[in-house]
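*Asks:* How does the following fold in three dimensions:
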Amino acid sequence: MAERGEHQEETELYPHFTLPQSALIEWGAGMDLYFISLWFFAITMFIAGCINILSIDYFGSTAYNGDTADSISTFLRASAVCTNTDW
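*Replies:* Okay, here's the model as predicted:
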């Protein structure tokens, strides 16, 4: 890696996926905290999505909506809308 102000012919960029977290502190604490929180929220959203797969499967099945599951639009089929009501 070239130092600031150094002009060399052969330099290389930081590696994308193998860059250690401690190397980000060169650009300030904010950059380091941004990527740590981005990683934390990505893992949290992945876990929350995995937990919700069972709910989506149940709400899209005929056990929840019965025979009226075919009359519901595709976008509402896996939501919590229930059409087994009498108004």
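*Asks:* any low-confidence regions in this structure?
*Replies:* The chain contains residues with pLDDT under 70 at 1-2, 8-9, 11, 65-72, 74-75, 77-78, 80-87.
*Asks:* max-length helix in it?
*Replies:* helix 29-59 (DSSP state H).
*Asks:* which other helices and strands contact that helix?
*Replies:* Helices and strands touching helix 29-59, as assessed by 3 or more CB pairs under 8 Å, 6 or more residues apart in numbering; DSSP states H and E, are absent. Quick note: C-beta positions are derived from backbone N, CA and C, even for glycine.
*Asks:* Following the chain past it, name the next helix or strand.
*Replies:* helix 62-65 (DSSP states H and E).
*Asks:* Please identify the buried residues of the longest helix of the chain?
*Replies:* 32, 59 (16 or more other CB atoms under 10 Å).
*Asks:* starting at the chain centroid, how far to stretch 31-44?
*Replies:* The gap between where stretch 31-44 is centred and where its chain is centred comes out at 11 Å by CA atoms, centre = their mean, to the nearest Å.
*Asks:* which outside residues touch that stretch?
*Replies:* Residues from elsewhere that reach stretch 31-44, judged by CB atoms under 8 Å, 6 or more residues apart in numbering: 21, 24-25.
*Asks:* Neighbour-wise, give me the winner out of those.
*Replies:* Leu24 (18 neighbours; other CB atoms under 10 Å).
*Asks:* May I have the residues that are in contact with that residue?
*Replies:* 31-32, 35.
*Asks:* Phi first, then psi, for it.
*Replies:* phi -70, psi -20 (degrees, to the nearest 10).
*Asks:* how close does it get to Leu33?
*Replies:* Per CB to CB, to the nearest Å, Leu24 is found 9 Å from Leu33.
*Asks:* Cool, thanks, signing off.
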